[in-house]
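Student: Next input, structure requested:
(one chain, ligands or ions: 1)
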Amino acid sequence: MEIQLWRELLNPYELAVNEIIVKFDHLIKQHKERGLYSPIEQVTGRVKSIPSILEKAQKKKISIEQIESKIEDLAGIRIICQFVEDIDKVVELIRNRSDMRVKKEKDYINNQKESGYRSYHLIVYYHIETLDGMKEIMVEIQIRTLAMNFWAVIEHSLQYKYKRNMPIEIRHQLMEAANSIVKLDEQMSSVRSEIIEAQNSFQAKASIVTEILNNIQNLYKVANKREVIKIQDEFYKVYEQNDLKKLRLFSEELDIITEGYHAQAISLSGIEHMYKNNTY
Ligand code: 0O2
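Tutor: Numbering: from 1, shown residues only. You can find the predicted model right below:
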């Protein structure tokens, strides 16, 4: 097939990958904005490279005409989670989406591959709008923990180096590393609630501080400079106490002060406007 035709064939898959990444990134953002823990830590994606498509087609005896119908991972999305428990939540989230329809699920977490590989795979149907109208394509979504990903990325590069002739010793070491990853994920799960609590309170503190700083910045535009410096010094004192409740209270009080100045600024500009137009 000519290179130009490959580009045409893969174009919709590129669009799908880009769209889906934006959608999952938005989900992460929404969780954070609502002060919720996001089961998705990170999303990446890729369109399968032409050499990799050719290799798979050759291995599975797939003709060029059958590539789109038989190779399910031309578009690939990878979702990374912090904990094994998050994977089920993400799977459920995908099953309930109206813009994707699940074709197939492969649970390599409860059914670890011989190589030691663990991940949860979904093949979904996804619609994209092209110049020629709507097109339904397949997308592979791999869901795994940070630890599983660490193992898979390294093992994948070794597979690439050795092809099908990986020395038995290296295979053995990878298997041992895979077992350690299972243990690591279990250990992290046992402190999951503590970690989530710590992350949530860090997130909450960060958003309160951002709001306070925005308010102080706005006050500089409308209030007396000496007043604002006093508020700023007060903020530093509260911040140093490392007490989330006090910080929240300070932020609420500052909101009221800012709103007061804002209302004052609006009514002042209204009066100025009336003076200018001689309607006062
Ligand atoms: P690449 O380079 O990642 O694109 P099947 O459904 O069995 O007919 P398929 O498509 O091989 O055929 O399905 P499978 O086994 O679910 O594998 C799909 C993808 O999962 C692979 O794509 C890998 O990305 C990943 N994967 C599967 N097994 C392993 C493994 O042992 N180690 C690692 N590191 N990754 C694995 P590709 O096309 O093989 O490769």
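Student: Residue 193 - that's part of a helix, no?
Tutor: Yes. Assigned with DSSP: H, G, I helix; E, B strand; the rest coil, residue 193 falls within a helix.
Student: what about dumping the CA coordinates of stretch 50-67 to PDB?
Tutor: C-alpha atoms of stretch 50-67 as PDB (Å, rounded to 0.1, in the frame of the first residue of the first chain):
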ATOM      1  CA  ILE A  50       3.100   0.900  10.200                       C
ATOM      2  CA  PRO A  51       6.000  -1.500  10.800                       C
ATOM      3  CA  SER A  52       4.100  -2.800  13.900                       C
ATOM      4  CA  ILE A  53       0.900  -3.200  11.900                       C
ATOM      5  CA  LEU A  54       2.800  -5.100   9.200                       C
ATOM      6  CA  GLU A  55       4.400  -7.400  11.800                       C
ATOM      7  CA  LYS A  56       1.100  -8.200  13.500                       C
ATOM      8  CA  ALA A  57      -0.600  -8.800  10.100                       C
ATOM      9  CA  GLN A  58       2.200 -11.100   9.000                       C
ATOM     10  CA  LYS A  59       2.100 -13.000  12.400                       C
ATOM     11  CA  LYS A  60      -1.700 -13.400  12.300                       C
ATOM     12  CA  LYS A  61      -1.900 -14.000   8.600                       C
ATOM     13  CA  ILE A  62      -4.100 -10.900   8.000                       C
ATOM     14  CA  SER A  63      -4.300  -9.400   4.500                       C
ATOM     15  CA  ILE A  64      -4.000  -5.700   4.000                       C
ATOM     16  CA  GLU A  65      -7.700  -5.500   3.200                       C
ATOM     17  CA  GLN A  66      -8.600  -7.100   6.500                       C
ATOM     18  CA  ILE A  67      -6.400  -4.800   8.700                       C
END
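Student: now what about that stretch, what contacts it?
Tutor: With C-beta atoms under 8 Å, 6 or more residues apart in numbering as the test, stretch 50-67 has contacts from 1, 6, 9-10, 48, 70-71, 74. (Glycine included, C-beta is placed from N, CA and C.)
Student: try stretch 94-104
Tutor: With C-beta under 8 Å, 6+ apart, stretch 94-104 has contacts from 23, 72, 121-127, 138-139, 141.
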